[in-house]
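A.B. asks: compute the structure for the input listed below.
(chains A and B)
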There are 2 protein chains.
Amino acid sequence: MKNISEIKNIVILGAGSVATHLSHALNLNDYRIVQIYSRTSDSAEVLAMKTNSEYITDIDLLNKDADLYIVALKDSVVESLLIKIRVNGIVVHTSGTLPMEVLKKMSKRYGVFYPLQTFSKSRPIKFDHIPMCLEASDEQTLEAIRGVAVKLSDKIYDISSELRRYIHLAAVFSCNFSNFMYVAASDILKKHEISFDILIPLMREFFDKVTFMEPWEAQTGPAVREDHAVIDRHMLLLDEFPDFKEIYTAITKEIIKRKRNQN
Amino acid sequence: MKNISEIKNIVILGAGSVATHLSHALNLNDYRIVQIYSRTSDSAEVLAMKTNSEYITDIDLLNKDADLYIVALKDSVVESLLIKIRVNGIVVHTSGTLPMEVLKKMSKRYGVFYPLQTFSKSRPIKFDHIPMCLEASDEQTLEAIRGVAVKLSDKIYDISSELRRYIHLAAVFSCNFSNFMYVAASDILKKHEISFDILIPLMREFFDKVTFMEPWEAQTGPAVREDHAVIDRHMLLLDEFPDFKEIYTAITKEIIKRKRNQN
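C.D. replies: Below you'll find the model as predicted:
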């Protein structure tokens, strides 16, 4: 077991959005990216050039002397790929859903280094306030990766694999599903040739509200008022949008139920 | 029919959030609020004081000489109350759902003056960029209320009662329902003693995305990837949150369906 008190040299496995943004942030904080691995050379080459490191597409050429290996690959390839690797450094993955233990065979010291954020390659993002969810096989490893995390962000959380699953589920509701509500709104307006822009100020105000009050306190609309006249009219309009009718019904039902249980 | 080329004196019917914010904005733009009507005196008194106007709680005392009457009452009371009123000025309501014609009996000149925003009395809000949805019984009336709207906001839309219904339905999805997705996320985290704050940066990034790309293009998550391993794990976790299981299923189903139809 290698004794790593301070992480200096880092290998990045992956060259997607997370790998790209993370590499840049590490670079900016004076970490040395010694190697980038990717199955395809295109994105790896770009990232290696930008971070002044080398890149490999053959996992057998992996540098074995780094302090930290950050696995930022798709969940589906992590397990099958990592089975081939043994290193002395610390290995972490950046996944919201994979348990920490998938890394067990790769090193004696392993953990999770999960930035709770969505990344697009084309959109720059500051790491300063991104919640970093950390977990590690042992206290010493946790301290070592925390040392890296605190350089990147001021929001560090110790989160077990167990809890991370709930955070991911909550993120699906609050981000993916709320986005799909925007999709529905956009469809409804588009069909009637109304610009989606008309809704943005209202949406922004609703979004801002949940940053300073409980979401349930901010709940408004016909369902929470049990305004059945409006709900019935909406159901009629939704005949034009059958894809969203079941969703409308399911959500309305739950809002009404919750309101009644509360009273 | 009174010939009103320029609106100067305004009566506000209602003393709730919309009435309050609108009165302040009108006041700031040198309109004279001559009277506030409310069924209860408390909020009417406060608002009358702030806007330097008088207030009434008896509708028979309504000032009949104003240029514009803005009805900012609950939908449910508008029709029953307004049947008692006849005025010469222009009458508009501020509702997202009521058809314009409910005002027909009140005056020969009527319309809709609908600020597409959510208002809380305690939270100050600028009118400058609030979309104002206008509709009127005739061209002259439309021009008169447009004259007021352009002083308040730089976003003026001509929206028929027909279209307004779709905007309201879209707002229910994009605001009320997306807020309920935040409620679900908040519940899930709370049960496991994780602060909702951990999700805010991610939620903000997702929100910002739809202001510059199509919502469907911004769609991510296990459903759009058809990642059934993750979906199945989520369904197991949702046994703890039965209230949200049906919603999870309905939305996931629609996202998958849409993705497939697109391919």
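A.B. asks: dump the residue contacts of residue A:38.
C.D. replies: By Cβ atoms under 8 Å, 6 or more residues apart in numbering or on different chains, residue A:38 lies in contact with A:13-15, A:19, A:44, A:47, A:55, A:57. C-beta: built from backbone N, CA, C; applies to glycine.
A.B. asks: which phi and psi does it have?
C.D. replies: Main-chain dihedrals, residue A:38, degrees, to the nearest 10: phi -150, psi 150.
A.B. asks: roughly how far does it sit from chain B?
C.D. replies: For residue A:38, the distance to chain B equals 20 Å [Cβ to the nearest Cβ, to the nearest Å].
A.B. asks: ditto for residue A:229
C.D. replies: In terms of Cβ to the nearest Cβ, residue A:229 sits 8 Å off from chain B.
A.B. asks: any idea which element that residue lies in?
C.D. replies: Residue A:229 belongs to helix A:228-237 when assigned by DSSP states H and E.
A.B. asks: can you give me the strands in chain A?
C.D. replies: Using DSSP state E, the strands of chain A run over residues A:9-13, A:32-37, A:54-56, A:68-71, A:90-93, A:110-115, A:132-136, A:156-158.
A.B. asks: tell me the residues of the stretch 1-150 of chain A that contact chain B?
C.D. replies: For the stretch 1-150 of chain A, the contact set with chain B under Cβ under 8 Å from any Cβ of the partner chain comprises A:75, A:97, A:116-118, A:125, A:129-131, A:133.
A.B. asks: ok, 6 Å please
C.D. replies: Contact residues (Cβ under 6 Å from any Cβ of the partner chain) of the stretch 1-150 of chain A with chain B: A:97, A:116-118, A:129-131.
A.B. asks: identify the farthest-apart pair in these.
C.D. replies: Spanning the widest gap among the residues of the stretch 1-150 of chain A next to chain B are A:97 and A:129, at 22.7 Å by Cβ to Cβ.
A.B. asks: more crowded one of those two?
C.D. replies: Neighbours per residue, other Cβ atoms under 10 Å in any protein chain shown: of residue A:97 and residue A:129, the larger number sits with residue A:97, 18 against 12.
A.B. asks: just to check, that one is in contact with residue A:166?
C.D. replies: No. With contact defined as Cβ atoms under 6 Å, residue A:97 and residue A:166 do not form a contacting pair (11.1 Å).
A.B. asks: ok, and for stretch A:38-56, which residues are buried?
C.D. replies: Buried residues in stretch A:38-56, counted by 16 or more other Cβ atoms under 10 Å in any protein chain shown: A:38, A:43-44, A:46-48, A:51, A:53, A:55-56.
A.B. asks: one step back: check the contacts of residue A:38 and tell me the two furthest apart.
C.D. replies: Spanning the widest gap among the contacts of residue A:38 are A:19 and A:57, at 13.9 Å by Cβ to Cβ.
A.B. asks: those two: which has the busier surroundings?
C.D. replies: Neighbours were tallied for residue A:19 and for residue A:57 using other Cβ under 10 Å; the higher tally belongs to residue A:19 (27 against 15).
A.B. asks: can you give me the neighbour number for the closest residue to that one other than its chain neighbours?
C.D. replies: If the residues on either side of it in the chain are set aside, residue A:19 comes closest to residue A:72, at 4.0 Å by Cβ to Cβ, 6 or more residues apart in numbering or on different chains. Per other Cβ under 10 Å, the neighbour tally for residue A:72 reads 25.
A.B. asks: so what's residue A:72 up against?
C.D. replies: The contact partners of residue A:72, taken as Cβ atoms under 6 Å, 6 or more residues apart in numbering or on different chains, are A:14, A:18-19, A:94.
A.B. asks: and those residues, which is closest to chain B?
C.D. replies: Checking the contacts of residue A:72 against chain B by Cβ to the nearest Cβ gives residue A:18 as the nearest, at 12.4 Å.
A.B. asks: from what I can see the closest one touches residue A:119, true?
C.D. replies: Yes. Assessed by Cβ under 6 Å, residue A:18 is found in contact with residue A:119 at 5.5 Å.
A.B. asks: returning to that earlier point: and the contacts of residue A:38, which is the shakiest by pLDDT?
C.D. replies: Ranked by pLDDT, the contacts of residue A:38 bottom out at residue A:44 (89).
A.B. asks: distance of it relative to residue A:70?
C.D. replies: 14 Å (Cβ to Cβ, to the nearest Å).
A.B. asks: also residue A:158?
C.D. replies: Distance, residue A:158 to residue A:70, by Cβ to Cβ: 18 Å.
A.B. asks: what's the first-to-last distance across stretch A:59-70?
C.D. replies: End-to-end distance for stretch A:59-70: 14 Å, by Cα to Cα, to the nearest Å.
A.B. asks: in that stretch, which residues are buried?
C.D. replies: Residues of stretch A:59-70 classed as buried under the neighbour-count rule (16+ other Cβ under 10 Å) are A:62-63, A:66-70.
A.B. asks: in those residues, find the pair that's most separated.
C.D. replies: Greatest spatial distance among the buried residues of stretch A:59-70 (Cβ to Cβ): A:62 and A:67, at 14.0 Å.
A.B. asks: how is chain A divided into domains?
C.D. replies: A:9-159, A:164-262 (automatic domain parsing).
A.B. asks: residues near residue A:229, how many?
C.D. replies: Neighbour count of residue A:229, defined by other Cβ under 10 Å: 11.
A.B. asks: what mean pLDDT does stretch A:219-237 get?
C.D. replies: Rounded mean pLDDT across stretch A:219-237 is 93.
A.B. asks: off-centre distance for that stretch?
C.D. replies: In terms of Cα atoms, centre = their mean, to the nearest Å, the centre of stretch A:219-237 is found 34 Å from the chain centre.
A.B. asks: the residue in the stretch 51-200 of chain A that chain B sits nearest to: neighbouring residues, count only.
C.D. replies: Closest residue of the stretch 51-200 of chain A to chain B, Cβ to the nearest Cβ: residue A:176 (3.2 Å). When neighbours are defined as other Cβ under 10 Å, residue A:176 has 22 of them.
A.B. asks: got the contact list for it?
C.D. replies: If a contact means Cβ under 6 Å, 6+ apart, then residue A:176 has residue B:221 as its contacts.
A.B. asks: distance of it from residue B:155?
C.D. replies: 29 Å.
A.B. asks: what's across from the residue nearest to residue A:45 when sequence neighbours are not counted in the sheet?
C.D. replies: Counting by Cβ to Cβ, 6+ apart, residue A:45 lies nearest to residue A:55, which is 5.8 Å off, once chain neighbours are set aside. Here residue A:55 sits in beta bridges with residue A:36, as judged by DSSP bridges.
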